[in-house]
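Chemist: Quick one, fold the following:
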Amino acid sequence: MNTSSRSRVRTGALAVALALLAAACTSGGSGGVQGTPGAAGLRDPYFPKQGNGGYDVRHYALTLSYDPASGRLDGRAEITAEATQDLSAFNLDLAGLTVRDATVDGEPAAVNRAGNELTLRPREDIDDGAEFRAVVRYSGTPETVTDSDGAEEGWLKTADGAVALGEPNGSMAWFPGNHHPSDKATYDITVTVPAGLTALSNGVRTAERKEADGRTTSVWHAAEPMASYLAMLAIGRYDTSTGTAPGKAGARVPVLSAADPEVAEQTAALRARIPEILDWQAENFGPYPFASAGAVVERDGDIGYALETQTRPVFPLSSFDAPTLVHELAHQWYGDSVSPATWADLWLNEGFATYAEWLYEEDFAHTPAQKNFEKQYANEDAWAYSPARPPTAENLFGTPVYQRGAMVLHRIRQEVGDDTFYEILAGWPAKYRHANATTEDFIAYVDSMTDEDLSDVWDVWLYGDGKPAHITD
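Modeler: Purely as a prediction, here's the structure:
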């Protein structure tokens, strides 16, 4: 589902002295190399200020404590990263919250704040290619972020806790980071909550303990790379159930699903079907790409939409039905494992997940995908703009991205035949497993899989303006 540079010219002897002093203070420890600040934003076509340049995050270790009564979050973010240039300073994205202090490689770092940009300036430059570790301690009341299309994300308070969701900009509301989907990392998330509450997150729960004061601490480990918009946190009272689903090479992965007690009974049967659905998806899309699976179901009003948060999608009760569950679980292959390089590539997430719904109906509801294709061809909303070129960020999650994106995939199927199409379904997430990919990567991959001329698919159905004059049976 969401830079400025300043130069100042000094003259005279004082300016020369100050410049020499600055060079001495900021030069790196190897050879006196002078670094430059990393970019404050990656110039994404829809969110140009999102993310930061100059480094690549490898791992986030988040240690959090939340009190629903006061709404206060206390956090410590330890970020392990590799410099991609000689760095004198670098930025992190963080909305609201108060930064108490920061260190880089154990030494205090200067901290500057301008809006959602948090700038850290280490005592010494960081050399290109060097691994470094930044620690930021922060606290406050996390924000709810309202997107341009009116959807709410970030930190969403519930009656007994909170839910943190991040697509496209919300993760910066609860931890500092490089919040662009192109910078994926592994995660350890440790959360302490009041007695009687549970904290759920991505990956595998590796520990749970009672503290001396009665609070509960849960530790979650996400071993596979994850875009930060897919990180989630759910705090509250939950009824949980467990099982297993097929993983790689015949292995089984643990499935943990949870539901607010008010909706647990009415969602239990469908939650129990998660292993069955994942089994069907693995047959079509290839081995499940993660070390755990599951879902979290909240009451209506706590959240307003379902989201494919990695390993454990989150749903409001009103969206927890079989088609939506199929959609969000399909994202584990398309969007979570293979993530968009920029937000312009979002149609690859949503087109594949929507087409997964069509395939599920084809196999279990005796509704050929062709019927859904024809239905969407008649849907004028699907032709408002190209799925690969939404006009604004507000349009990123519109009907063309989902339904016309699925129509593009169906047109590929029509052109190449089922055998090759199903090879593409499984081959695409295998080729870019746990990586990022662009629309151009997808076009090149599909073209490499067939001798058919697919220029009509790309030029008319994917990038074309307006509705084609005919459809192909």
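
Chemist: Do you have the strands of the stretch 201-350 of the chain handy? List them.
Modeler: 204-210, 216-226, 233-236, 239-246, 252-259, 293-298, 314-316, 338-340 (DSSP state E, counting those that start in this stretch).

Chemist: go on, the stretch 1-150 of the chain?
Modeler: 36-37, 55-67, 72-83, 87-93, 98-104, 107-108, 110-114, 117-121, 131-140, 144-146.

Chemist: Can you tell me what sits against the longest helix along the chain?
Modeler: Assignment by DSSP state H gives helix 346-364 as the longest helix of the chain. Under the criterion CB atoms under 8 Å, 6 or more residues apart in numbering, residues 277, 280-281, 284-285, 308, 322-323, 326-328, 330-331, 333-335, 338, 340, 367-369, 372-373, 387-388, 396-397, 401-406, 408-410, 437, 439, 442, 462 lie in contact with helix 346-364. From N, CA and C alone the C-beta is placed, and that goes for glycine too.

Chemist: And those, which of them are buried?
Modeler: Neighbour counting over those (16 or more other CB atoms under 10 Å) leaves 277, 280-281, 285, 308, 326-328, 330-331, 333-335, 338, 340, 369, 372-373, 387-388, 396-397, 401-406, 408-410, 437, 439, 442, 462 as the buried ones.

Chemist: Distance-wise, check Tyr55 relative to Glu224.
Modeler: For Tyr55, the distance to Glu224 equals 21 Å [CB to CB, to the nearest Å].

Chemist: ok, these two, which is more surrounded?
Modeler: Tyr55 (24 against 19; other CB atoms under 10 Å).

Chemist: any idea how far Ser88 is from that one?
Modeler: Tyr55 is 12 Å from Ser88, by CB to CB.

Chemist: Please apply the same query to Leu348.
Modeler: 36 Å.

Chemist: Looking at the two, which is more packed in?
Modeler: Counted by other CB under 10 Å, Leu348 and Ser88 do not tie: Leu348 has more neighbours, with 28 against 21.

Chemist: from the chain's centre, how far out does stretch 58-70 sit?
Modeler: Centre-to-centre, stretch 58-70 and its host chain are 18 Å apart (CA atoms, centre = their mean, to the nearest Å).

Chemist: I'd say Ala435 and Pro340 touch.
Modeler: No - between Ala435 and Pro340 there is no contact under CB atoms under 8 Å: 10.9 Å.

Chemist: How about Val145, nearest residue that isn't a chain neighbour?
Modeler: Gly154 (3.6 Å; CB to CB, 6 or more residues apart in numbering).

Chemist: Could you give the separation of the helix or strand hosting the one you found from the chain centroid?
Modeler: Assigned by DSSP states H and E, Gly154 belongs to strand 152-157. Computed by CA atoms, centre = their mean, the separation of strand 152-157 from the middle of its chain amounts to 15 Å.

Chemist: Run through the neighbouring helices and strands of it.
Modeler: Here strand 152-157 touches strand 144-146, strand 162-165, going by 3 or more CB pairs under 8 Å, 6 or more residues apart in numbering; DSSP states H and E.

Chemist: Return the most buried member of those.
Modeler: Burial of the helices and strands packed on strand 152-157 is given as mean neighbour count (mean count of other CB atoms under 10 Å); strand 162-165 ranks first at a mean of 25.

Chemist: Partner strands of the next helix or strand after that strand and their direction?
Modeler: Under the assignment DSSP H and E, the closest C-terminal helix or strand after strand 162-165 is strand 185-193. The strands that strand 185-193 pairs with in its sheet are strand 55-67 (parallel), strand 216-226 (antiparallel) (by DSSP bridges).

Chemist: and the angle from strand 185-193 to strand 204-210?
Modeler: 20 degrees (axes from the mean of the first three to the mean of the last three CA atoms, to 10 degrees).

Chemist: quick one: contacts of strand 185-193?
Modeler: 57-66, 68, 161, 199, 201-203, 211, 215-226, 228, 231, 233, 235.

Chemist: Then stretch 248-262?
Modeler: 198, 200, 204-205, 234, 236-247, 267-268, 271, 274-275, 278, 287-288, 290-299, 302, 312.
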